[in-house]
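>>> Here is a sequence with its predicted model. Questions after.
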Amino acid sequence: MMRALLLMIPVALAGAAFAQEAGKSVWQGIYTVEQADRGAGVYAQRCGACHGAALNGTGEAPPLIGGEFVSHWDTMTVGDLYDRVRTTMPQNDPQSLSREDYADVLAFLLKTNGFPAGSQPLDKRSEVLATIGITAEKPAGM
């Protein structure tokens, strides 16, 4: 198991490096307000009981808003975050939502963490999302 995890680290780092080189960023409006609003509804129904209505975490469920959350994902890709959420959540029924619902929830998380909305909805394909970097701070010139 540990060997498999160690083998995955270079892949994750390569994905983040690719996203940074490609220049795509969460700061470029990668979801729509409508999508985030749909995600808020899904979150309330399927995520809020564990992560809290205000996304601040409860018990063992970590917060999904604020510095701790953003710094955890800093330098990773939206694809990394999407795949983690899609394959492990909800904890009592992983992979039980549609890919669209997971993308909508992710759009809601991006919105509540202060990343700007855009004119195109967040994609539901991991390979596309892997080209979008997450950075805690807005890059200069954006």
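Structure's in. What do you need? Numbers count the residues shown, from 1 in each chain.

>>> And the residue nearest the centre of the chain?
residue 81 (4.0 Å; CA atoms, centre = their mean).

>>> low-scoring pLDDT stretches of the chain, where are they?
1-23 (pLDDT under 70).

>>> wait, what's in contact with residue 120?
If you count contacts by CB atoms under 8 Å, 6 or more residues apart in numbering, residue 120 has them with 29, 30, 31, 32. (Each C-beta comes from the backbone N, C-alpha and C, glycine too.)

>>> So which residues of this protein form helices?
With helices called from DSSP state H, the chain shows them at 2-22, 33-46, 48-51, 67-73, 78-88, 99-112, 126-129.

>>> and the last one, what other elements does it pack with?
Applying 3 or more CB pairs under 8 Å, 6 or more residues apart in numbering; DSSP states H and E, one finds that helix 126-129 contacts helix 78-88.

>>> What about the closest residue to the residue nearest to the centre of the chain other than its chain neighbours, how many residues nearby?
Here the nearest residue to residue 81 in space, its sequence neighbours aside, is residue 73; by CB to CB, 6 or more residues apart in numbering that works out to 5.5 Å. Residue 73 has 20 neighbours, counted by other CB atoms under 10 Å.

>>> The one 3 residues further on now?
By other CB under 10 Å, 19 other residues sit near residue 76.

>>> Point out the most buried one among the helices of the chain.
Most buried of the helices of the chain, by mean neighbour count (mean count of other CB atoms under 10 Å): helix 99-112, with a mean of 22.

>>> now that helix, how far from the centre of its chain.
7 Å (CA atoms, centre = their mean, to the nearest Å).

>>> and if you look at stretch 131-139?
12 Å.

>>> do the same with stretch 119-138
With CA atoms, centre = their mean, you get 8 Å for stretch 119-138.

>>> What distance separates the opening and closing residues of that stretch?
Stretch 119-138 has its terminal residues 19 Å apart, counting by CA to CA, to the nearest Å.

>>> Number the chain from 154, please
With the count now opening at 154, the last piece we talked about shows up as stretch 272-291.
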